[in-house]
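[1] need coordinates for the below:
(chains A, B, C, D, E, F, G, H, I, J, K and L)
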Number of protein chains: 12
Amino acid sequence: MRLTVINGPNLNLLAAREPELYGRATLGEIESLVQAEAIRLGVQLEWFQSNDEGALVDLIQALPGRADGLILNAAAYTHTSLALRDALLAVRVPFVEVHLSNVFAREKARRRSMMADLAIGVIAGFGPHSYLLALRALHARLANV
Amino acid sequence: MRLTVINGPNLNLLAAREPELYGRATLGEIESLVQAEAIRLGVQLEWFQSNDEGALVDLIQALPGRADGLILNAAAYTHTSLALRDALLAVRVPFVEVHLSNVFAREKARRRSMMADLAIGVIAGFGPHSYLLALRALHARLANV
Amino acid sequence: MRLTVINGPNLNLLAAREPELYGRATLGEIESLVQAEAIRLGVQLEWFQSNDEGALVDLIQALPGRADGLILNAAAYTHTSLALRDALLAVRVPFVEVHLSNVFAREKARRRSMMADLAIGVIAGFGPHSYLLALRALHARLANV
Amino acid sequence: MRLTVINGPNLNLLAAREPELYGRATLGEIESLVQAEAIRLGVQLEWFQSNDEGALVDLIQALPGRADGLILNAAAYTHTSLALRDALLAVRVPFVEVHLSNVFAREKARRRSMMADLAIGVIAGFGPHSYLLALRALHARLANV
Amino acid sequence: MRLTVINGPNLNLLAAREPELYGRATLGEIESLVQAEAIRLGVQLEWFQSNDEGALVDLIQALPGRADGLILNAAAYTHTSLALRDALLAVRVPFVEVHLSNVFAREKARRRSMMADLAIGVIAGFGPHSYLLALRALHARLANV
Amino acid sequence: MRLTVINGPNLNLLAAREPELYGRATLGEIESLVQAEAIRLGVQLEWFQSNDEGALVDLIQALPGRADGLILNAAAYTHTSLALRDALLAVRVPFVEVHLSNVFAREKARRRSMMADLAIGVIAGFGPHSYLLALRALHARLANV
Amino acid sequence: MRLTVINGPNLNLLAAREPELYGRATLGEIESLVQAEAIRLGVQLEWFQSNDEGALVDLIQALPGRADGLILNAAAYTHTSLALRDALLAVRVPFVEVHLSNVFAREKARRRSMMADLAIGVIAGFGPHSYLLALRALHARLANV
Amino acid sequence: MRLTVINGPNLNLLAAREPELYGRATLGEIESLVQAEAIRLGVQLEWFQSNDEGALVDLIQALPGRADGLILNAAAYTHTSLALRDALLAVRVPFVEVHLSNVFAREKARRRSMMADLAIGVIAGFGPHSYLLALRALHARLANV
Amino acid sequence: MRLTVINGPNLNLLAAREPELYGRATLGEIESLVQAEAIRLGVQLEWFQSNDEGALVDLIQALPGRADGLILNAAAYTHTSLALRDALLAVRVPFVEVHLSNVFAREKARRRSMMADLAIGVIAGFGPHSYLLALRALHARLANV
Amino acid sequence: MRLTVINGPNLNLLAAREPELYGRATLGEIESLVQAEAIRLGVQLEWFQSNDEGALVDLIQALPGRADGLILNAAAYTHTSLALRDALLAVRVPFVEVHLSNVFAREKARRRSMMADLAIGVIAGFGPHSYLLALRALHARLANV
Amino acid sequence: MRLTVINGPNLNLLAAREPELYGRATLGEIESLVQAEAIRLGVQLEWFQSNDEGALVDLIQALPGRADGLILNAAAYTHTSLALRDALLAVRVPFVEVHLSNVFAREKARRRSMMADLAIGVIAGFGPHSYLLALRALHARLANV
Amino acid sequence: MRLTVINGPNLNLLAAREPELYGRATLGEIESLVQAEAIRLGVQLEWFQSNDEGALVDLIQALPGRADGLILNAAAYTHTSLALRDALLAVRVPFVEVHLSNVFAREKARRRSMMADLAIGVIAGFGPHSYLLALRALHARLANV
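    Predicted coordinates for the structure are as follows:
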């Protein structure tokens, strides 16, 4: 099973960025954590981050034939990007939407997602653990089907 | 570690109720699944269901001194009950909000939660697996702190 | 043919309650009127009333195997209860929504129904006669199918 | 007792028009059905249909001295015509609003009625049977008073 | 003069619940305070609390013939319960709406009351003193009339 | 100077229709009153009424070359007809909008006019006198320019 | 008959102020015009202007016993002053709301009036002539009653 | 192939009406232009115009058996007529919505269409050329299918 | 203890103004009532009224060093004055908001307060008694702290 | 005559992407179709696609001196990009907005265009044919002027 | 060059009022600072403050012939006063809107300005420095033109 | 002191782009103007422009350790980019938001800023001078602290 993790804008700044909200782990440390779990589950995992909406669209377009599922933390673009929604509609790869922080406890603009209705499900608020939960959930779903 | 799972209205009808949305497992089967995982994690787990808003308020009020954390699937009351919100504010027990279905892919009224901002986090869309993920997430959070 | 009539909060106060709006018949008198018509139609009819949202959910959950159709006057809960909607979605018993008063001539909050779109149809404004019309309509529908 | 039935735009197309929504009876067949019931009740019944808002206003204006009550299915004009509302306010003939389909289960624009608050009551969703129920309800109301 | 005090959901948790908002007195201590004042005014006072919307409807329905006036702190149901509104409309007992906290300084959802327009008046923000003020106000109003 | 008065739906029912709102003069009596004043001012005046939106559009389209100004009481169509607005935009005849009743003291839907911004001005609330004032205002405006 | 004209903020700047909207007559010239007409009608007329909301409230409060009717051009306060509304509610002097410009052809904020529903009627858009029409309308109304 | 063109209110005034918006061609000249192109494409074309909503409903109802497709410029009724929408739903003739002006660059009320979602597509802003484009598009669509 | 009472626009008209809403006591009579109670409580009380928003701002600005608390009935300015809110924010004198009438039972505009969230609490609907209750509540609060 | 076609995000996936909505032609095939027509019309045509909002802004900025007109299918950015709007405002190249699908029959977010009001016109719903129609319309417009 | 600075309600309380928001300088100290800079620029500067909306209208009306430009900090009236807007429209003196605090970081009601669209520009958030920047900006603009 | 200026989309087109709104200076000329002032103030200044949202996020992420403050003209992205907001939240560099034009006098969409509440302050409407004012304001603020 091959899975891809795509991270959106400003997630490259983790640990430096608002640590009370996002925690003190760097994105690299989170990747290591998730890769370790992926190995345990026998999953081959690719990991991407970009600040650019167009580059994120490109990454999603490249998924078919390369990944069986997607873990997507589109960060700020979660709430504003119809282009990402269209890319997800086009490739139809099953995905889980994740957030480090509990977006439902923040500003109103972060409570609307442009893509959650296309996802298998949503996991938010557990810090780096959100990715681990998403990995397990996606693995379980794809292994069953 | 003692955890409680509280299930809201109509979840007693699972398997019979809209199986294409909620899956074919009964609530009893889901409880068995979650209890097995709880035993594996060394967690003592209580499991409740009620169709009555007042009874659910009572259940939440009884948590202090009885549970270290709560997994809450308030079902329809998630979206309408300010009384449940007040109960959660009163007892201040850490909790995870779970949903079997992806509520973000359904009617607009189900996209607003009266309590998600008080939760550690939210997990929605993974069927019975949502409870397992919530159990692990809550266990990890409480074990660390 | 077995039909059930479920009445929501404050309908037990009829005759005492705002008679200019709801008429001077008690709920018991209306029940007699409707039972008489049911006998004429060869319909076996059960009649319930409760002020409690949870108890009404329980009553609806108990319908399968017990009733072929439902006449539902959920009163105030018509306009606020997502839990009743979920119960109706779960049991899928054909039902008619009735109101004694013309809810469309009252406050705005009473013009929205949480369940009318799930009903066969809606009858409102004819006082006790609303129940008789609903009985005939439901009987005709079920007899034909 | 003299009653009038007024039908609004596109109801002349019944049977041809969206039969899954409106049923397979023509408007003529529905008229026969309702006339038969009217004869049984000793009611003299006039039946009109027009696609024209102004013509419908004329028909309502002509009611006083000609009809004791009105069964009105204003179809699309139900939701947009302030002129029909004014005509009903002017003539003050008691009327019942009917719809073949359950308008509460359709697009949002069809859930608002410009005239329901002026009616004795509303009956929607029972196909041709809606007219029969309205006839009985109106007959009962006018016979009592 | 006989008066009733009805308290809504979660008020049984006072002192434990958000003391910075609701103060450190238990509901029992507030009852003692208010009973003392009632004795001073020659008022016979009954005191109730329930977390259940249906039970609160029952309590209000039981008022006629038992109480000359009502002091109502419906807590969270103040803002969501059309059923309580209907019960108050049905019994027509004069009542004062009270709140311990200043609801106008809190979340937006708490600024709307489903029943304030039916009350003689509203008193909010004075902690346990709100009940004393309401008692005096209600006593003065009923003594005069 | 040639002026036209165009009256919209249900104004033919004046005196019969809601006399507490619209007064007890028939439309014919108002016409006589206004014609008398027109003669005094040396104005040649045509007077129309129709219940039909399309017929009113036709009447407005016929104004150029026939009338120097228009007094328009579009009644219910004032608030709903974009077609009348387009006709007024097309013919560009100067006009005054009049209403018998004070539309600003009635339902919200009657406070919006589809055409008031195209008028020289608006006169509302003076019963038949509204027409006389409009006649004087329009005469004064056209005589000056 | 004694009438009062009250003019609100910035009307003292007429002629200087946006002449394309308000015309080239000064407020003094308009007063002369209106006084001349008042004399012709045998009306005793007082004329006031103030830029101050409180002073305008004082002027309205002073009307009873001093004026039989009021012509009110509250200018900008028309759209924002609940205090003027309350003063008009308190004194209950019959009044006509006037505007020089056609407020319905301007910004949205000017289309809402805080007091039009309390007036006999509204006249807007005829420049200084608006006052003359209001004088005649008010005179006619008061002379009749 | 037989096609029909239906034109709504005020389009009979083209050339006279707001030429800066709608151009200087009369409706007759546009018809000649479109007929010439129809002949070139081997299409038999009928051309109608009416200012009356009811008449336009009649025209649409008459299409089945008479036309294979429709070019519809409902003008002002595009934005207000639910009756036209119902007629189009009833006859299910494939149609293209056209506008002479770019409705998206005009008032907000003209940006909503009651029928665009039922059309094959929409063409707006090209003056008389809009009809030619619609003819070609409809011809191509129908020839292919 | 020194307290100030500030009354806003039109309260000087009490007894004359809408007595069915505001009662038949003059503002002077209410002042006497409240002064008597103040003497009983050993409170030194100043009493002001103004129709002018600016003057009310001045009165609030003068409070520090002169009063320990404020009873504020800002009347219409309660609902519109951001300037009064700013004055209250600036002086930070503890205050109680009072209303004679039950503002929650009146027009929607009167249900929003620009300052209630800054107050200790709100008392509305008890006529002159509202001031007495506010005096006691403020006295109790300040005496305790 | 030189024209440019600019295609926005995800249009590079055509044929693969939701073929029931967008058809089975690849973007390359559509380009060939349009180039063939361009040659027939003697138009020199450039064709671009990008998933990146900034790159699309760059492409539009480069138009002056390079193209006489633009055919723009901004896809998802049509509905969200103020930056594209600003670029179009800056270069003032005449353009036609095109869409493959009928955007008016889809989700609400796709019914608002950030740029349609700046276009000559809009063509939507005709699949690849939308581009051909736009080419003809733009060619005709530019050839005439 | 003669410039005027007009300060609105509560600015006379600076230093005392919410110093964390508005800083610790008194309005007199800010005036000195700005006068010093005005002297350096050769500008003659008048300085006013009032808590009264009407007085501020008077000050603005007095500007023509007395000042070449205006620096306006209307404080709370910025957000509510249509009368100030009208005064600025009437005198047409070029002005800069200034705020001590960053109004965009405060309550929603402070984000709307009734007059910013009439200003040359807006400067907010720099404390007393906001006035200095406004002085330079206005001086530069008026010196150039 | 090191400061950075970041310019958003389409600002590279200045002088060419809508000169009546943005003036006739090129972005290079503005940079020269601002650099000259920076030298005078002893400030080291970097200057960037990009049309790409992702590139602007990168530029802001690179600020810590490189600049003591930021002058940000995010142009169109000011109003739409949550990603820029997140970048500013992450780096916490003090910044001033500037605009060449008075955004408050333009379309509604330009009146909302996604980042103004995070800024020290906002300066809008003074053309190239806006940057000079921002430079001085930021220099003064950073020099003081």
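[2] ok, how many other residues are close to A:V57?
    A:V57: 29 surrounding residues under other CB atoms under 10 Å in any protein chain shown. For the C-beta atoms, the positions are set from N, CA and C on the backbone; glycine is no exception.
[3] any idea how far it is from chain J?
    A:V57 sits 4 Å away from chain J, going by CB to the nearest CB, to the nearest Å.
[4] chain center to the helix or strand encompassing that residue: distance?
    Element membership of A:V57 [criterion: DSSP states H and E] is helix A:53-61. The chain centre lies 13 Å from the centre of helix A:53-61; the measure is CA atoms, centre = their mean, to the nearest Å.
[5] and the helices in chain A?
    A:19-22, A:27-41, A:53-61, A:77-80, A:82-91, A:129-144 (DSSP state H).
[6] quick one: the helix or strand bottoming out on mean pLDDT in chain A near chain B?
    Least confident helix or strand of chain A, by mean pLDDT, DSSP states H and E, is helix A:19-22 with a mean of 76. No. Counting by CB under 8 Å from any CB of the partner chain, chain B has no neighbours in helix A:19-22; the shortest distance is 12.8 Å.
[7] got the CA coordinates for that helix in CSV?
    Only the C-alpha atoms of helix A:19-22 are listed here, as CSV (Å, rounded to 0.1, in the frame of the first residue of the first chain):
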residue,chain,number,x,y,z
PRO,A,19,3.7,26.6,19.4
GLU,A,20,0.8,26.9,21.9
LEU,A,21,-1.5,26.1,19.0
TYR,A,22,0.5,23.8,16.9
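[8] check the gap between the residue of chain A found nearest chain G and chain B for me.
    Ranked by CB to the nearest CB, the top residue of chain A for proximity to chain G is A:K108, at 24.6 Å. Per CB to the nearest CB, A:K108 is found 11 Å from chain B.
[9] same thing with A:N144?
    Distance from A:N144 to chain B, by CB to the nearest CB: 10 Å.
[10] before we move on, what about A:E18?
    Taking CB to the nearest CB, one finds A:E18 at 17 Å from chain B.
[11] picking up where we left off before, and D:I60, which of the helices of chain A is closest to it?
    helix A:82-91 (47.2 Å; CB to CB).
[12] tell me the angle of the closest one relative to helix J:53-61?
    Angle of helix A:82-91 versus helix J:53-61, following axes from the mean of the first three to the mean of the last three CA atoms, to 10 degrees, is 110 degrees.
[13] does helix A:82-91 come close to chain B?
    No. If you take CB under 8 Å from any CB as the test, helix A:82-91 misses chain B, and the best it gets is 12.6 Å.
[14] run through who's touching that helix.
    A:53-54, A:56-57, A:60-61, A:63-64, A:72, A:74, A:77, A:95, A:114-115, A:118, J:8-10, J:13, J:16-18, J:51, J:53, J:75-77, J:79-80, J:109-110 (CB atoms under 8 Å, 6 or more residues apart in numbering or on different chains).
[15] that helix - what's its average pLDDT?
    Averaged over helix A:82-91, pLDDT sits at 95.
[16] quick one: the residue lying closest to A:T26 once chain neighbours are set aside from G:R106, how far?
    Excluding its sequence neighbours, the residue lying closest to A:T26 (CB to CB, 6 or more residues apart in numbering or on different chains) is A:A15, at 4.4 Å. Applying CB to CB, to the nearest Å, the value for A:A15 to G:R106 is 55 Å.
[17] pLDDT at the residue in chain A that chain I sits nearest to, what is it?
    Sorted by distance to chain I under CB to the nearest CB, the residues of chain A start with A:K108, at 19.1 Å. Note on A:K108: pLDDT of 89.
[18] what is the neighbour count of the residue of chain A found nearest chain K?
    Nearest residue of chain A to chain K: A:K108, at 11.3 Å (CB to the nearest CB). For A:K108, the tally of surrounding residues (other CB under 10 Å) stands at 7.
[19] who's in contact with A:G69?
    Contacts of A:G69 by CB under 8 Å, 6+ apart are A:1, A:3-4, A:93-96, A:138, A:141-142.
[20] any idea which of these is closest to H:A36?
    Once CB to CB is applied, the member of the contacts of A:G69 that ends up nearest H:A36 is A:V93, at 51.5 Å.
[21] distance check, the closest one against G:A16.
    For A:V93, the distance to G:A16 - CB to CB - is 69 Å.
[22] I'd like the distance between the residue at minimal distance from the centre of chain A and A:A87.
    With distances taken as CA atoms, centre = their mean, A:L72 lies nearest the centre of chain A, 2.2 Å away. Using CB to CB, we find A:L72 at a distance of 10 Å from A:A87.
[23] intersection of neighbour lists for the two?
    Between them, A:L72 and A:A87 share no contacting residue, judged by CB under 8 Å, 6+ apart.
[24] what does chain A put close to chain B?
    Counting by CB under 8 Å from any CB, the residues of chain A near chain B are A:102, A:104-105, A:113, A:116-126, A:129-130, A:133, A:136-137, A:140-141.
[25] most proximal residue of chain A with respect to chain J?
    A:G54 (2.7 Å).
[26] run through the residues that contact that residue.
    Going by CB under 8 Å, 6+ apart, the list of residues near A:G54 reads A:83, J:9, J:50-55, L:52, L:54.
[27] which of those residues tops the neighbour count?
    Neighbour-wise, the contacts of A:G54 (other CB under 10 Å) top out at J:E53, 32 neighbours.
[28] low-confidence ranges, chain A, go.
    A:145 (pLDDT under 70).
[29] quick check: residues of it near chain J?
    Near chain J, when you scan chain A using CB under 8 Å from any CB, you find A:52-55, A:57-58, A:61, A:64, A:80-83, A:85-87, A:89-91.
[30] and the residue of chain A nearest chain E?
    Closest point on chain A to chain E, by CB to the nearest CB, is A:K108, at 11.2 Å.
[31] for A:S81, what are its contacts?
    A:53, A:56, A:74, A:114, J:76, J:80.
[32] typed the wrong thing, it's A:Y22
    Contacts of A:Y22 (CB under 8 Å, 6+ apart): A:14-15, A:100-101, A:127.
[33] okay if I get the residues you listed as JSON lines plus neighbour count?
    Converted to JSON lines, those look like this (neighbours: other CB atoms under 10 Å in any protein chain shown):
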{"residue": "A:L14", "neighbour count": "24"}
{"residue": "A:A15", "neighbour count": "14"}
{"residue": "A:L100", "neighbour count": "24"}
{"residue": "A:S101", "neighbour count": "19"}
{"residue": "A:G127", "neighbour count": "23"}
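[34] pick out the most distant pair among those residues.
    Going by CB to CB, the pair spanning these furthest: A:A15 and A:S101, at 13.9 Å.
[35] coming back round to it: just the buried ones from the contacts of helix A:82-91, in ChimeraX syntax?
    In ChimeraX syntax, the buried subset of the contacts of helix A:82-91 is picked out as below (16 or more other CB atoms under 10 Å in any protein chain shown):
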select /A:53,54,56,57,60,61,63,72,74,77,95,114,115,118 /J:8,9,10,13,16,17,18,51,53,75,76,77,79,80,110
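[36] grab the nearest non-local neighbour of the residue of chain A found nearest chain L.
    Going by CB to the nearest CB, chain L is nearest to A:D52 of chain A, at 2.7 Å. Nearest in space to A:D52, with sequence neighbours left out and distances taken as CB to CB, 6+ apart, is L:G54 at 2.7 Å.
[37] and what of A:L118?
    A:L88 (5.2 Å).
[38] what number of residues lie near that neighbour?
    25.
[39] on that earlier part again, what is the nearest of the contacts of A:G54 to A:G28?
    For the contacts of A:G54, the nearest to A:G28 is L:G54 (20.1 Å; CB to CB).
[40] ok, the residue nearest to A:T26 to E:P9 distance?
    A:A15 is 42 Å from E:P9, by CB to CB.
[41] same question for A:P19.
    In terms of CB to CB, A:P19 sits 37 Å off from E:P9.
[42] list the residues that contact whatever residue of chain A ends up closest to chain C.
    When distances are taken as CB to the nearest CB, chain A reaches nearest to chain C at A:F104, 18.1 Å away. Listed by CB under 8 Å, 6+ apart, the contact set of A:F104 reads A:111, A:124-125, B:113, B:116-117, B:119, B:122.
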